[in-house]
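Asks: What shape does this take:
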Amino acid sequence: MGCRRSRAFYATTSVENTEVLRFENTWNVHKIPFQELEAICRRSTTASFDKILSMLMSTFNLSIPLDLFEKSSITHGEFLSFFIMLGKGTNKEKNLALWYMFDSNFDRNLEKSDFKKLLKTIIRPSVEVTVKYYVNKMSSNLMSAWYQQLTERIESLEIRLLKHFLGENESISLENYMVKCEEMPLGMICSISALRTQLEHTQVIPTRFANPFKTMKVTKLTS
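Replies: Next comes the predicted model:
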């Protein structure tokens, strides 16, 4: 029954997600092995996204809009993960590539704080690149509302995925990470469209419940 629910989760994609995915597919990035894309993205951490994008387009004959990252506020790591997830490759290969973005010393273990960074690095670009660009170009009220909905749920999905992968633990091993990646639907974190689907199915956690101690009044005890 669990497998059927997982398949159903990704079986139907929203109209908005389908429209954006169709737009992404016109770039032909999905036809290029992500390892080749990653190699160029890693050449320089100081070059502008525009320069790296021009190199990608000329090397692989891609059709990405030149101004795709013009209004984007993503980091270099998010830029890199964006192309890892969009490129051609198996889920296992991509999951490993995303892991080693943060396990640079090959410790095969990530602390909770580093894994939080991993989740943020993959979730934000799934919304803040293509969707943001598409909304600005299309001037659609429907797409604008969808974009707003997704951005409001980013933090809640980070919390949800952190719970899925770490549970109550303060770290996670590479082995457990790979096992958790196989557990659907939450384990599907190497696909941009799948992350958007997860965001659509995520409920926003009110701030007052996300950290109850922030709003708790402290009463001074008197003898």
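
Asks: so who does N95 touch?
Replies: Neighbouring residues of N95 by Cβ atoms under 8 Å, 6 or more residues apart in numbering: Y177, M178, C181, I189, C190. Heads up, the C-betas are built off the backbone N, CA and C, glycines and all.

Asks: Of those residues, which count as buried by neighbour count?
Replies: Buried residues within these, defined by neighbour count using 16 or more other Cβ atoms under 10 Å: Y177, C181, I189, C190.

Asks: Contact partners for G87?
Replies: Per Cβ under 8 Å, 6+ apart, neighbours of G87: V29, H30, I32, P33, F34, Q35, E36, L37, E38, K94.

Asks: Could you save the residues you listed as TSV and add columns showing neighbour count, distance to R124 and secondary structure?
Replies: What follows is the contacts of G87, written out as TSV (neighbours: other Cβ atoms under 10 Å; distance: Cβ to Cβ, whole Å; DSSP: H, G, I helix; E, B strand; the rest coil):
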residue	neighbour count	distance to R124	secondary structure
V29	22	18	helix
H30	14	20	helix
I32	20	22	coil
P33	13	24	strand
F34	22	18	helix
Q35	14	22	helix
E36	15	24	helix
L37	23	18	helix
E38	18	18	helix
K94	24	17	helix
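
Asks: The nearest residue to N61 once chain neighbours are set aside: neighbour count?
Replies: Excluding its sequence neighbours, the residue lying closest to N61 (Cβ to Cβ, 6 or more residues apart in numbering) is N28, at 7.5 Å. For N28, the neighbour count with other Cβ atoms under 10 Å is 14.

Asks: next one: T18
Replies: For T18, the tally of surrounding residues (other Cβ under 10 Å) stands at 12.
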